[in-house]
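>>> I'd like to go over a predicted model; first the sequence, then the structure.
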Protein chains: 2
Amino acid sequence: METVDDAAVNPGGPAAATAGDGRGTAAPAPRRRTRATASMADVARLAGVSAQTVSRVSNGYPGVTEETRRQVLAAMKELGYRPNSAARALKRGEFRTIGVITFSLSTTGNVRTLEAIANSAAREGYAVTLLPVAVPTQDEVRGAFTRLEELAVDAVIVIMEVHLLDAATVQLPPHVQVVVVDSDAGDRYTVVDTDQHGGTRAAVRHLLDLGHRTVWHLAGPGDSFAAQRRTDAWRAALTEAGRELPPLVRGDWSAESGYRAGLELAVREDCTAVFAANDQMALGLLRALHEHGRRVPEDVSVVGFDDIPEASSFLPPLTTLHQDFAEVGRLCVQAVLRKMRQEGPERGTTLVPARLVLRESTAPPPSGR
Amino acid sequence: METVDDAAVNPGGPAAATAGDGRGTAAPAPRRRTRATASMADVARLAGVSAQTVSRVSNGYPGVTEETRRQVLAAMKELGYRPNSAARALKRGEFRTIGVITFSLSTTGNVRTLEAIANSAAREGYAVTLLPVAVPTQDEVRGAFTRLEELAVDAVIVIMEVHLLDAATVQLPPHVQVVVVDSDAGDRYTVVDTDQHGGTRAAVRHLLDLGHRTVWHLAGPGDSFAAQRRTDAWRAALTEAGRELPPLVRGDWSAESGYRAGLELAVREDCTAVFAANDQMALGLLRALHEHGRRVPEDVSVVGFDDIPEASSFLPPLTTLHQDFAEVGRLCVQAVLRKMRQEGPERGTTLVPARLVLRESTAPPPSGR
DNA sequence: AGCTGTTATGTTTACGTAAACATCCGGTGG
DNA sequence: CCACCGGATGTTTACGTAAACATAACAGCT
């Protein structure tokens, strides 16, 4: 068992580690440790070739005999050589790293998108660096010159409305490509997002088709563009269908806020259908309705947005709009890579459709109301 | 509006670029385009000092006149200078970056921990790179030498049981410090974790104190050490109290699995108290119990683990163990930095207590049973 | 044989930074 | 008045890599 672990942590073999470790202090000659890593020069020396040839092998370039390649690979293995990515980045002028900026990881959507981005990026040979934004006490010293924007990234994906980004006093380095999620800034940036509009329309249509006279809306916070877009689309869909526009009820994405909003809605007898801007708020709404004895879906129908994994376990299982975060993340990476290679357009919006998942939280209104 | 955005994207302002441009092209030598970013040499030239002095200012080193410093800072600003982190990393031999390895971001705990790590790291001047593990199709070419382990990180925090890490064939570079979450490998690694044992004991005690004869356990997947530890602690607490040990019911962390397990438990009349290994499974359990007409907490008491934000909006609001993920993340970063500075011990486990949050899902058993 | 083109390999150089060392300066104490 | 000190600044060098250029070896052709 421990052999496996040793191997994972120190592929170079246990011998080296032990020697340098505790016993090292006992040794008389304190030559300042074995060099941490072997360089190309070391490999070249051992293999009897030039450093450049090692470089070629390392990068899989052509023009190396199979024979030579084998020798170099053997030398690499023996020395436990691994390329120094700092030197590589310096030479190539790129880091092979994408930065992801987001305010918090507290919303499902952000997290799922981030995960998809990380996976897609890895597949393309890129790493992902997380850039937490607006740490309040950044006046830590570290020299009077603390701009944390010496980011080791080639491109940035922003998972937040760009206006928030501006407000967060984040200074993006020039010449860094940007792709944005959750924004309408398609005229200024490259934007990838879920089709909030289409999804919302599907939700509203579904409820109206069931016979509901109109649909109430439990909106997300005003500073989220996704929330704003869903609200707009809800309004448009109702208006288009010639239905009455109920007053807007607003939450902050949290289940708790959904509960508070739900307390208001629960007492309105004329409220038979609610479209919640996300599943968490729908959860809180369900609780409020339940506490007030309004049954879902018999008395009130509820539709959410996101299709979080838990949605199918709500009481009752929630009808909601499934967002394909994986696809959004994938497209973000593709777009940003394309921009880096100057292949793609500078701006424009790509939308990923949302899919309505029917579960048990919707039904026709009571007595055909 | 666009001024704001311009500023964010190109903090140097347009003037600098124009100036550097015009003069450059006016010179007879047609050097290929203006360099994307200004280097120390450029700043030094403009400020009329040596590059070394720029370096000193940039790093906040002493030995620079206030006068000179001002000049250098002005030149930096004019050129929109920002340090090249690749060069810096190469020179210093460190990246100021911590890698975080985790299987997926689908569990609340991992995500919250990651977020805390990112914030703590940022506060210490470190960036966080996400390392997705075991991308199946990594046989993409990129040379025969595709080891993705040329990681640009100084240290690694592993959010998974180390055995899984081994299985994932991740080869950590030597000389990279490691801190592990969710493991019992304190004898081989530095481990930081929530006090699963103490938390579980508190949950079981709470239920027994309410008068329940014994406590059932809805366990997490066997390959999670956190799950395993909670199960062990549950067993220990019951044994210690001299109570009967009900059969174990197992889920996979998901609400859906909690629901399935709940279907079994719901039909057992003798089951009056359940300790679920996480809140999501508790949610599914609540649904199953509800569907079978077993009221919570009147007929069955339920305790969860994690205290996800939604827990207070469950039906009924869930009594659960609050995990201080922020603290876990903070301690991880501290530990890993200490190890890098060779200040801390090589191994050992640090536990962060969990706190029982009482809500409405627990009550004495029906008819004092 | 002599030339040309191709392939394999080596040499030089530069990427931007910061440690180590060198220099310059004004001031202080003998 | 000079030797010396210490603070401010400049110069040299190396970090590890890979592009650009240089060379060598050899095959194919006239």
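Received, thanks. Residues are numbered from 1 along each chain as shown, chains lettered A, B, ... in the order given.
>>> residue boundaries of the strands in chain A?
Here chain A has its strands, by DSSP state E, at A:97-102, A:127-132, A:155-159, A:177-181, A:190-194, A:216-219, A:249-250, A:273-276, A:301-306, A:319-322, A:348-352, A:355-357.
>>> Against which helices or strands is the first one packed?
So that's strand A:97-102. In terms of contacts (3 or more Cβ pairs under 8 Å, 6 or more residues apart in numbering or on different chains; DSSP states H and E), strand A:97-102 is packed against helix A:108-123, strand A:127-132, strand A:155-159. Every C-beta, even on glycine, is put in place using the N, C-alpha and C of the backbone.
>>> between the second one and strand B:127-132, how many degrees?
Right, strand A:127-132. Here strand A:127-132 points in a direction 130 degrees away from that of strand B:127-132 (axes from the mean of the first three to the mean of the last three Cα atoms, to 10 degrees).
>>> ok, and what's touching strand A:127-132?
Strand A:127-132 is contacted from outside by A:96-102, A:114, A:117-118, A:121-122, A:151-153, A:156, B:97, B:114-115, B:118-119, B:122, B:127-131, B:151-152, using Cβ atoms under 8 Å, 6 or more residues apart in numbering or on different chains.
>>> Next, the buried residues of it.
When burial is assessed from 16 or more other Cβ atoms under 10 Å in any protein chain shown, strand A:127-132 yields the following buried residues: A:A127, A:V128, A:T129, A:L130, A:L131, A:P132.
>>> Ok, the last one next?
Buried residues in strand A:155-159, counted by 16+ other Cβ under 10 Å: A:A155, A:V156, A:I157, A:V158, A:I159.
>>> hang on, the earlier thing: if we take the buried residues of strand A:127-132, which one ends up nearest to DNA strand C?
Using Cβ to the nearest atom of the strand, A:T129 is the member of these that lies nearest DNA strand C, at 18.5 Å.
>>> Now do the closest one against DNA strand D, distance only.
Distance, A:T129 to DNA strand D, using Cβ to the nearest atom of the strand, to the nearest Å: 20 Å.
>>> Likewise for A:V57?
Distance from A:V57 to DNA strand D, by Cβ to the nearest atom of the strand: 9 Å.
>>> what's the neighbour count on that residue?
Close neighbours of A:V57, defined as other Cβ atoms under 10 Å in any protein chain shown, add up to 25.
>>> Which residue is the nearest non-sequential neighbour of it?
Closest residue to A:V57 apart from its sequence neighbours, by Cβ to Cβ, 6 or more residues apart in numbering or on different chains: A:V72 at 4.4 Å.
>>> Next to DNA strand D, which bits of chain A? Give me the list.
Proximity of chain A to DNA strand D, by Cβ under 7 Å from any atom of the strand, involves residues A:35, A:37, A:39-41, A:51-52, A:55, A:58-59, A:61, A:83-84, A:87-88, A:90-92.
>>> try 6 Å this time
The interface of chain A toward DNA strand D, taken as Cβ under 6 Å from any atom of the strand, is made up of A:39-41, A:51-52, A:55, A:58-59, A:83-84, A:87-88, A:90-92.
>>> Those: which ones sit near chain B?
A:S58, A:N59, A:P83, A:N84, A:A87, A:R88, A:L90 (Cβ under 8 Å from any Cβ of the partner chain).
>>> so how far is DNA strand C from the third one?
As for A:P83, its distance to DNA strand C is 13 Å (criterion: Cβ to the nearest atom of the strand).
>>> right, and that residue touches A:G60 too?
No. Judged on Cβ atoms under 8 Å, A:P83 makes no contact with A:G60 at a distance of 11.9 Å.
>>> between those two, who's got more neighbours?
Legend: neighbour count by other Cβ under 10 Å for A:P83 and A:G60, higher for A:P83 (19 against 14).
>>> Look at the more buried one and report its pLDDT.
A:P83 carries a pLDDT score of 87 in this model.
>>> again, but for A:R23
A:R23 is given a pLDDT of 32.
>>> neighbours around the residue in the stretch 251-369 of chain A positioned nearest to DNA strand C, how many?
Nearest residue of the stretch 251-369 of chain A to DNA strand C: A:M340, at 17.5 Å (Cβ to the nearest atom of the strand). For A:M340, the neighbour count with other Cβ under 10 Å is 16.
>>> And it, how far from B:T319?
50 Å (Cβ to Cβ, to the nearest Å).
>>> got it, and A:I308?
A:I308 is 22 Å from B:T319, by Cβ to Cβ.
>>> Which stretches in chain A count as helices?
A:2-9, A:14-20, A:22-26, A:40-47, A:51-59, A:66-79, A:85-92, A:108-123, A:162-167, A:196-209, A:225-240, A:255-266, A:279-291, A:325-340 (DSSP state H).
>>> Name the stretch among these that sits most buried.
helix A:279-291 (a mean of 26; mean count of other Cβ atoms under 10 Å in any protein chain shown).
>>> average pLDDT for that helix?
Here the average pLDDT along helix A:279-291 is 96.
>>> ok, now stretch A:335-347?
Mean predicted confidence for stretch A:335-347 is 80.
>>> Contacts for that stretch, please.
By Cβ under 8 Å, 6+ apart, stretch A:335-347 touches A:98, A:124, A:126, A:154-157, A:177-179, A:186-192, A:350.
>>> Buried subset of those residues as a PyMOL selection?
Those of those that count as buried under 16+ other Cβ under 10 Å are selected in PyMOL with:
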select buried, chain A and resi 98+126+154+155+156+157+177+178+179+186+188+189+190+191+192+350
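>>> Name the nearest residue to A:Q280, sequence neighbours excluded.
The shortest distance from A:Q280 to any residue other than its chain neighbours is 4.5 Å, reached at A:A255 (Cβ to Cβ, 6+ apart).
>>> distance of that neighbour from DNA strand D?
As judged by Cβ to the nearest atom of the strand, A:A255 and DNA strand D stand 49 Å apart.
>>> In terms of pLDDT, where does A:T34 sit?
pLDDT, A:T34: 45.
>>> hang on, A:L321 packs against A:G199?
Yes. Counting by Cβ under 8 Å, A:G199 is a contact partner of A:L321 at 4.3 Å.
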